[in-house]
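1. Starting from these lines, generate the structure:
(chains A, B and C)
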Amino acid sequence: MSERHRREWIYKLCTYGAIVGLFAFFLQVQNQADEYQIRILNVSAVFVTLAVSYNLINGVAGQFSLGPNAFMAVGAYTTALLTLSPAEKELSFIIEPIIWPLSVLHLPFLPSLLIGGAFAALLGFIMAFPVFRVRGDYLAIVTLGFGEVIRVVANNVQSITNGPLGLKGLSEYTNLWWSWGVAVFTVFCVTRLVKSSFGRAMQAIREDEVAAAAMGINVFRHKMLAFVVHAFFAGMAGGLMAHLITTISPTLFSFFLTFNLLVIIVIGGLGSMTGSIIAAIIITHAGEWLRAVEEPMAIGPFNIPGIPGMRMVVFSIMLILVMIFARQGLMGRREFSWKWFCGFLKIGKRRG
Amino acid sequence: MNKGDKLQHKIIYSVAVSVFFCICLPFLLPSLSLAGKPIRIGVYLPMTGPVAAFGQMEWAGIQAAHQMRPTVLGRQVELVLVDEKSDRIEAANAVSRLLKKEKIQAIIGSATSSNTMAGSALSEKAKIPMVSPTATLPLVTQNKKYVFRVCFIDSFQGEAAAMFAYRNLKARRVAVIVDRAQDYCVGLASYFKKAFTHLGGKIVSMAYCQTGDQDFSAQLTSIPASQSDLLYLPNYYAEDALIARQACELGLNIPILSADGAQAPELIKIGGKAVEGLYLLAHFAPEGAATPLAKEFMEFFKKTRHEETSGFHALGADAYFVLLDAIKRAGRTDGDAIRTALASTRGFGGVSGIIKIGPDGNAVKSAVILQVRGGQFKYLTIVKPW
Amino acid sequence: MDLSLFLQQLLNGISLGSLYALIAIGYTMVYGIIRLINFAHGDILMVSTYFAYFGISVYALPWWLSVVMAILLTALLGILIDLGAYRPVRHAPRISALITAIGVSFLLENLGLVVFGGRPKAFYRPDFLDKTYELGGVRVFSLSIWVPLVTALLLALVFLLLYRTRVGAAMRAVAKDMEMVQLMGIDVNRVISLTFAVGSALAAAGGIMWAMKYPQINPLMGIIPGLKAFVAAVIGGIGNIHGAVLGGLLLGITEILLVAFLPSLAGYRDAFAFILLILILLFRPTGLAGKDTIG
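-> So this is what the prediction gives:
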């Protein structure tokens, strides 16, 4: 076995070791941490899934979409409608009864989640035809428009979505295994895709669409691929989110959600999966820590009244500052690799 | 080491010490002032967002009640407020935070039915009793062992409103505009419809709007053709005020009957002349208050807050008083003991009237009818439970 | 549906459309000059209504004075936003500028929540706007007449500025070729600042009239008018002022008529604008009136 092969083999082993380590950590957490901490970890995982898949279309393929909320909504509603028991559905739909096939369908969590992702991917596939006829900020606006349209439709097709009342009483299926399992799976798939010839083609399109087309790359098909993959994972994340908070309504999937994702991938670095993962975890936790500034504090004899809304002020300022002073974000387009890591720790440096 | 260096060291040392004490001070102070471990009551209410008015009013009521009666079982009561931002997810977050991080013994909240249900799923699992001041939807306490409320429920409110509309206002053909984004509004509208048709009246038009809507011309234009003699608006104040205004602009001249969710100063501020004469079914009117606690509270509230007691102040205070009474009767602070005591509340003379709470968690009490006159809510009559 | 009701709804549509038009001009002018979708435009409008609210209800100034001051302050706010957030990213990729604009939008909304609170506030409506007239069977609400009149007046002023002053000529020149104008010795940054000022002032005028129409303001009120006005700008061909006016009117009238004659579709009202937008971008990406420059 050559030196290079052996090295790669060791790196692979390290990756699997790290994943096993991660889940061993969760086993520990599951037993010891309280529900609040577990909840935050679950939310982090959902955002890792979302951010990594969102970064694929925005960072890697360079197509600035503002519509992940649409895919999340479709994924969440599909999954929820499939896991809810017929009795629950009948109880929830008080204005108009639910339409026939949905009223009796009842599936376990995993198939529901996959179907949710598939429906989101299908929407992505259909959307791709109009969306990729335009570029740049027009593309941003068209995807934003689709997000709004989906939300309005969810508000109005009462017999499928129960309108603005939303769906209630979902079982809390999402736990650390599901959420982080999906997150790890997403990271695996997306990084493999980025490193493949498809990924290189996407990057070429990002850098110069005309040149890429001249090189014989089918521009539309690669954009479509990135978009559909993004949609699939965003849909799954939506399903996970729904079964984490156990109640969904159209307002949940507003542009606000997209904004949070945008903050994450921009701070992590557009195009860097590592950056997205780190930023997703940091931002979710920071969101919880920053709750402190929104609540009344007593510092000695002084009572500082809480300032609700301060969290989002901090995030928006952060976004603007990153754009002005550190456009590369945390990671730029760099990725984590064991090679870099070993170099960083100065181990395994040539033994002969 | 020369003299200058020594001086510098001294300065640095003293600065360091004083900074250290300043940091420690907040941690030291509370521990000095408290004798015995305080009882912690968590409060989650909408302090921001579309229905913030209710949260803020109820919080003022709870705080005033707390100032009036700050101890129980010889221990201090501590209130921990978390904002649920008029949002269901934030409500669930808030309750999970109260339960896990703040280690509270009981919870007061929330103002709206949707958000109370989002939160109560968690508190029920943790077996921590929750008292809602104003969640009126019947579903809120259904199949819940640890969820209570101090307000009447919408099935009662809908029937009472239908009776008032049919008997007092002599209405026979009613148009309804419902905010379909709120469980409370949708539920109330259907109870009203059931009771009103049962009495022999007719619902001639049922139109839907959505929280945050600003233009209601589509819903209103069809009403004149339906020849209705009453407009029933079982919604929150922001929508009701705008609907009343635009009805006025369209020249719609029929009386309007609204529900407890509209009793906020904003209804009159936003509605202006258009809400003059509007009828309102509500929880509380200062003129109708009879219990000694009500008199004491209204005086105290006026003195400390320089404001008249409104329905939401009263119900916020009642949630606190009822909970305190239950803790006193239970003699302990564990969830099950408080729960049992809450479920056997009988004839409690609260601010908003005599309150009886059954094992189903619902309060049985009377409602009042108010009318907006001269830019104020005026007491018209009382509706007793039957 | 009879004729009088149609006329009444048409008037409502024109009045709503002229508000969209006023707000859309701000989008179009800024885009025409620096190719930036000023996402925060709707939120600038929101802030302007709070300026007016504070003048009228808190400091008890006469309403017209408050309105004038609110418009001036909003113009200043527009300049400050350009200076603080947009100028530093002017030479960055356009997507970076767009992200910055989204950031500014959320910043304004949430600062609004922090400073003004989330509770909606009642907005003042002068008495002469609060009347209804009967004209030959058509019920006319006085506000619905005043709004298009004021809009027409403001539009006339904008066109005077653009076509009859040196500054206006400079604006049009910058939109055509920024680098060339710079070489000619014109201070481009000042021209851009002025564009932001004019755009924001128009948004303020539109926003205050909006607040008088729907007399309730809150920190998130700018989102919907902002988005719809943006759609109007795109429909008219973004960068084109005539187009923005046309797009605004078209959107306002179709929206009102749709709701009035097909009330069952009223719930889809907000989606309607976006569906229109998607269709326009697909089949006529440069908008109905075309041309990608100011003028």
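2. where along chain C do the strands fall?
-> Counting by DSSP state E, chain C has these strands, from start to end: C:121-122, C:132-135, C:138-141, C:216-217.
3. can you list those strands in CSV and add mean pLDDT and mean neighbour count?
-> C-betas here are computed from N, CA, C, even on glycine. As requested, the strands of chain C are exported to CSV (pLDDT from 0 to 100; neighbours: other C-beta atoms under 10 Å in any protein chain shown):
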stretch, mean pLDDT, mean neighbour count
strand C:121-122, 87, 20
strand C:132-135, 78, 11
strand C:138-141, 80, 18
strand C:216-217, 89, 23
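4. Can you say which of the ones you listed is nearest to B:Asp179?
-> B:Asp179 lies closest to strand C:216-217 among the strands of chain C, at 14.7 Å (C-beta to C-beta).
5. Now look at the closest one and say if it contacts chain B.
-> Yes: against chain B, strand C:216-217 shows contacts by C-beta under 8 Å from any C-beta of the partner chain at C:Gln216.
6. Check the secondary structure at B:Ala171 for me.
-> Under DSSP: H, G, I helix; E, B strand; the rest coil, the three-state class of B:Ala171 is coil.
7. per-residue confidence for the residue nearest to it when sequence neighbours are not counted?
-> Once flanking residues are discounted, B:Ala171 sits nearest to B:Leu230: 3.7 Å by C-beta to C-beta, 6 or more residues apart in numbering or on different chains. At B:Leu230, the model reports a pLDDT of 95.
8. residues in contact with B:Leu230?
-> B:Leu230 is in contact with B:165, B:169, B:171, B:173-175, B:254-257, counting by C-beta atoms under 8 Å, 6 or more residues apart in numbering or on different chains.
9. List only those of the residues you listed flagged as buried.
-> Among these, those buried by neighbour count (16 or more other C-beta atoms under 10 Å in any protein chain shown) are B:165, B:171, B:174-175, B:254, B:256-257.
10. Redo those as TSV? Include pLDDT, distance to A:Gly181 and secondary structure.
-> Putting the buried ones among the contacts of B:Leu230 into TSV (pLDDT from 0 to 100; distance: C-beta to C-beta, whole Å; DSSP: H, G, I helix; E, B strand; the rest coil) gives the following:
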residue	pLDDT	distance to A:Gly181	secondary structure
B:Ala165	95	56	helix
B:Ala171	94	59	coil
B:Val174	95	54	strand
B:Ala175	95	53	strand
B:Ile254	92	59	coil
B:Ile256	96	54	strand
B:Leu257	96	54	strand
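11. if we can go back for a sec, list just the nearest of the contacts of B:Leu230 to C:Tyr59.
-> For these, the residue nearest C:Tyr59 by C-beta to C-beta is B:Ile256; the value is 33.3 Å.
12. Enumerate the residues of the stretch 51-200 of chain B near chain C.
-> Taking C-beta under 8 Å from any C-beta, the part of the stretch 51-200 of chain B that reaches chain C is made up of B:52-53, B:56, B:85-86.
13. I'd like the residues you listed as JSON lines, with secondary structure and neighbour count appended.
-> Shown next, in JSON lines, are those (DSSP: H, G, I helix; E, B strand; the rest coil; neighbours: other C-beta atoms under 10 Å in any protein chain shown):
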{"residue": "B:Ala52", "secondary structure": "helix", "neighbour count": "24"}
{"residue": "B:Ala53", "secondary structure": "helix", "neighbour count": "24"}
{"residue": "B:Gln56", "secondary structure": "helix", "neighbour count": "21"}
{"residue": "B:Lys85", "secondary structure": "coil", "neighbour count": "26"}
{"residue": "B:Ser86", "secondary structure": "coil", "neighbour count": "25"}
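14. hmm, which two among those residues are most spread apart?
-> Of all the pairs that these form, the one spanning the most space (C-beta to C-beta) is B:Ala53 and B:Lys85, at 13.5 Å.
15. Just give me the neighbour total for the closest residue to C:Val158 other than its chain neighbours.
-> Closest residue to C:Val158 apart from its sequence neighbours, by C-beta to C-beta, 6+ apart: C:Ile25 at 6.6 Å. When neighbours are defined as other C-beta atoms under 10 Å in any protein chain shown, C:Ile25 has 29 of them.
16. Equivalent analysis for the one 4 residues further on, please.
-> The number of residues packed near C:Met29 is 26, by other C-beta under 10 Å.
17. Now for it: which residues touch it?
-> Contacts of C:Met29 (C-beta under 8 Å, 6+ apart): C:171, C:195, C:198-199, C:241, C:294.
18. ditto for A:Ser44
-> If you count contacts by C-beta under 8 Å, 6+ apart, A:Ser44 has them with A:280-281, A:284-285.
19. Closest one of the contacts of C:Met29 to chain B?
-> Nearest to chain B among the contacts of C:Met29: C:Gly199, at 23.3 Å, using C-beta to the nearest C-beta.
20. Let me know how buried the closest one is, in neighbour terms.
-> 28.
21. Next: C:Gly42.
-> 27.
22. if I read this right, it contacts C:Ala229, doesn't it?
-> Yes: counting by C-beta atoms under 8 Å, C:Gly42 touches C:Ala229, with 7.2 Å between them.
23. who touches both of the two?
-> With contacts taken as C-beta under 8 Å, 6+ apart, C:Gly42 and C:Ala229 have C:Ile23 as neighbours in common.
24. can you pull the contacts of residue 60?
-> In the absence of a named chain, this looks at chain A. Contacts of A:Val60 (C-beta under 8 Å, 6+ apart): A:194, A:199, A:202-203, A:206, A:226, A:271.
25. that's the other chain; I wanted chain B
-> B:305, B:307, B:313, B:316.
26. Checking the third one next. Helix, strand or coil?
-> Just to be clear, that refers to B:His313. Relying on three-state DSSP, one would call B:His313 helix.
27. what's around it, how many residues?
-> B:His313 has 28 neighbours, counted by other C-beta under 10 Å.
28. For it, give me its contacts.
-> For B:His313, the contacting residues are B:57-58, B:60-61, B:64, B:301, B:307, by C-beta under 8 Å, 6+ apart.
29. Got phi/psi on the nearest residue to it once chain neighbours are set aside?
-> Nearest residue to B:His313 in three dimensions, chain neighbours excluded: B:Gly61, at 3.7 Å (C-beta to C-beta, 6+ apart). B:Gly61 has phi and psi values of phi -60, psi -40 when expressed as degrees, to the nearest 10.
30. I'd assumed B:Glu307 was in contact with B:Gly61.
-> No: B:Gly61 lies out of contact with B:Glu307 (C-beta under 8 Å); the separation is 10.5 Å.
31. what residues are shared contacts of these two?
-> Among the neighbours of B:Gly61, those also in contact with B:Glu307 (C-beta under 8 Å, 6+ apart) are B:301, B:313.
32. More neighbours: the two, which one.
-> Legend: neighbour count by other C-beta under 10 Å for B:Gly61 and B:Glu307, higher for B:Gly61 (29 against 13).
33. Just the element for the nearest residue to C:Leu111 once chain neighbours are set aside, please.
-> Distance criterion C-beta to C-beta, 6+ apart; nearest residue to C:Leu111, sequence neighbours excluded, is A:Val313 at 5.7 Å. Here A:Val313 is covered by helix A:310-325, with elements defined by DSSP states H and E.
34. Remind me what that helix packs against, helices and strands.
-> Other helices and strands packing on helix A:310-325, by 3 or more C-beta pairs under 8 Å, 6 or more residues apart in numbering or on different chains; DSSP states H and E, are helix A:255-268, helix A:273-289, helix A:291-294, helix C:94-116.
35. Great, nothing more from me.
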